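S.K.: from the sequence below, what's the structure:
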Amino acid sequence: MAKYFKGVATLIFLIFALFSSLFVLKQIQVWQKRAEEGPLEVSFEATPQEQIKRVWTNYAQGGEESVLMLKPAEKEIKKLQPEFIRIDHLFDFYEILKKDAQGNLVFDFSHLDQRVEEIKSLGATPFLSLSYFPRLISPDPSKFPDSLAEWQILIEKTIQRYSGKAEKNLAGVYYEVWNEPDLFGRMTPETYFSLYQSSVLASDNCRNCNAFKIGGPAITTLKVQSPWMDSFLNMVSQKQTRLDFISWHSYQVDPLKMTAEVEGLKNLSSYLRLATNPELIVSEWGSVPEVSPLHDSYFDASHTIAAVAAVKNSVDKLFAFELKDGPSPEKKQFWGRWGLLTHEGTGLTAKPRYFAFIYLNKLLQYRLNTLSLSPDTWAIGSTDGKAAFSFVISRTDKSTRGRPVKLKLIKPPAGSYKANIYSLDPSHNPLFSSPVEVSFSGGSLIVGFPSLHEGVYLIEIAVTPP
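M.R.: Numbers count the residues shown, from 1 in each chain. Prediction:
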């Protein structure tokens, strides 16, 4: 009988435990639902901090076509206010290097000149990726030649052409040696360094030249402890080779991985031993390196804000890849290419990511400290140092629900404020603003507004005139 009662007691206990677990699970689901339906909160101090380094105002255009690709989108690109525009395929696209009947080297820059002028007409400075091998140097654009003698002459002539005061007379051009040497050519750090050092020696021969910068290596990715980069920088240090900037490419869905790349580089012993302080440049960046529907979507827009918010001032330049899609073989307008703009052959149209950069350009001079931020929400706050404020907020959370956002500015200057919002999501025109209510609580200014999945929002707040 004792065993019977013991068994019954055990059964009752198990039933009770089961119902208790179900109750707790139900409560967790309720709490999760309430959290999802509750407002996303973002708060900032109103006190201006350091100046915002506008690292995002640089763009790359890949080798989609050898024609003037950017000219058809001139009006749209100018609105991005580009500082630098990067192009590659200089030597395998534009037939610069030739030989005359006697076998002497002849240089024809006329085609590349058109591309450089195209960049200048957009108000930008050229950032020239010195790639790939022309046919007269190697039968394959990425196959390393037996000798770099002709390459060295080619680099000397190229730099003289664009930085020479007696020729194109351009100031501040960046020359990046090669493009993704770990991929195109499968170069070891030692092989690449021989190419890099040869190029630097060629640059030293430039006479009566404007100031320019030369650097690299533009590798495909930068792991936190990168043996490739570490080896290259060790050789630069040992040989005391000029290195004005260190460049690499970064395609990371998680924006924090880009910041980890930067920190990893700065902690390399080879970096710490460098005699100079080279610029840090991500000469291509985006969400994923593959052709993907993400590049045509609002995801890439929200990701752009998240990445810029995460990186802050830790690098000197970011080059968004790329400005414009190449032509679709299947005549599709949207086909997952990386461009901020579709190709004019199927209708030139700005994608969501394009407007993310338009919003970033509306940030003001000084950064604001972020005090709190809901998970998977990214924000950049700015001020003119007086009583005008601008915020860009993006949602990267997995939830597809609409969510209210509560933006709080702690102790702004006294005055009566008004606010406007621009919304980059499927329900709004991203270039039209609408007023949004401003309220005060405990001396803090509060703006509330609805948001959609992967939306980006620009909020501009200013004191109303008396």
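
S.K.: give me the neighbour count for Asp244.
M.R.: 18 (other Cβ atoms under 10 Å). No exception for glycine: its C-beta is placed from N, CA and C like everyone else's.

S.K.: same thing with Leu233?
M.R.: Leu233 sits with 25 neighbouring residues when counted by other Cβ under 10 Å.

S.K.: tell me who's in contact with it.
M.R.: Shown in contact with Leu233 (Cβ atoms under 8 Å, 6 or more residues apart in numbering): Leu243, Ile246, Leu268, Ser270, Tyr271, Arg273, Leu274.

S.K.: among the residues you listed, who's most crowded?
M.R.: Using other Cβ under 10 Å as the neighbour criterion, Ile246 leads these with 25 neighbours.

S.K.: quick one: average confidence on the strand ranked longest in the chain?
M.R.: Secondary structure of the chain per DSSP state E: the longest strand is strand 40-51. Averaged across strand 40-51, pLDDT comes to 97.

S.K.: summarise which helices and strands it is packed against.
M.R.: Applying 3 or more Cβ pairs under 8 Å, 6 or more residues apart in numbering; DSSP states H and E, we find strand 40-51 packed against strand 366-373, strand 377-383, strand 388-395, strand 403-410, strand 444-451.

S.K.: for the fourth one, packing partners?
M.R.: I take that to be strand 403-410. Partner elements for strand 403-410 (3+ Cβ pairs under 8 Å, 6+ apart): strand 40-51, strand 388-395, strand 444-451, strand 456-463.

S.K.: which residue ranges of the stretch 51-200 of the chain form helices?
M.R.: Assigned helices in the stretch 51-200 of the chain, in chain order: 74-78, 90-93, 110-121, 149-163, 189-203 (criterion: DSSP state H, counting those that start in this stretch).

S.K.: the last one - contacts with which helices or strands?
M.R.: Right, the one you point to is helix 189-203. Short answer (3+ Cβ pairs under 8 Å, 6+ apart): helix 189-203 packs on helix 149-163, strand 174-177, strand 213-219, helix 227-239.

S.K.: ok, which of those comes nearest Pro404?
M.R.: With Cβ to Cβ as the criterion, Pro404 lies closest to strand 213-219 of the helices and strands packed on helix 189-203, at 43.1 Å.

S.K.: which residues touch the closest one?
M.R.: Residues from elsewhere that reach strand 213-219 (Cβ under 8 Å, 6+ apart): 129, 159, 172-182, 192, 196, 199-200, 203, 226, 228-229, 232, 242-249, 278-279, 281, 283-284.

S.K.: with stretch 354-363 instead?
M.R.: 52, 54, 56-57, 76, 79-81, 300-302, 304-305, 308, 320, 340-341, 380, 382, 390, 392, 394, 422, 424, 430-431, 456, 458, 460.

S.K.: list the buried residues in it.
M.R.: Within stretch 354-363, the residues that count as buried by 16 or more other Cβ atoms under 10 Å are Tyr354, Phe355, Ala356, Phe357, Ile358, Tyr359, Leu360, Leu363.

S.K.: the fourth one should be in a helix, yeah?
M.R.: I take that to be Phe357. Yes - according to DSSP: H, G, I helix; E, B strand; the rest coil, Phe357 belongs to a helix.

S.K.: give the contact list for Pro413.
M.R.: Contacts of Pro413 by Cβ under 8 Å, 6+ apart are Ala46, Lys386, Ala387, Val463.

S.K.: relative to Val262, which of these is nearest.
M.R.: When the contacts of Pro413 are compared for distance to Val262 (Cβ to Cβ), Ala46 wins out at 28.4 Å.

S.K.: thinking again about what came up before, can you put the buried residues of stretch 354-363 in JSON lines and add distance to Lys165 and pLDDT?
M.R.: JSON lines is the format used below for the buried residues of stretch 354-363 (distance: Cβ to Cβ, whole Å; pLDDT from 0 to 100):
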{"residue": "Tyr354", "distance to Lys165": "36", "pLDDT": "98"}
{"residue": "Phe355", "distance to Lys165": "40", "pLDDT": "98"}
{"residue": "Ala356", "distance to Lys165": "39", "pLDDT": "98"}
{"residue": "Phe357", "distance to Lys165": "33", "pLDDT": "98"}
{"residue": "Ile358", "distance to Lys165": "36", "pLDDT": "98"}
{"residue": "Tyr359", "distance to Lys165": "39", "pLDDT": "98"}
{"residue": "Leu360", "distance to Lys165": "35", "pLDDT": "98"}
{"residue": "Leu363", "distance to Lys165": "36", "pLDDT": "98"}
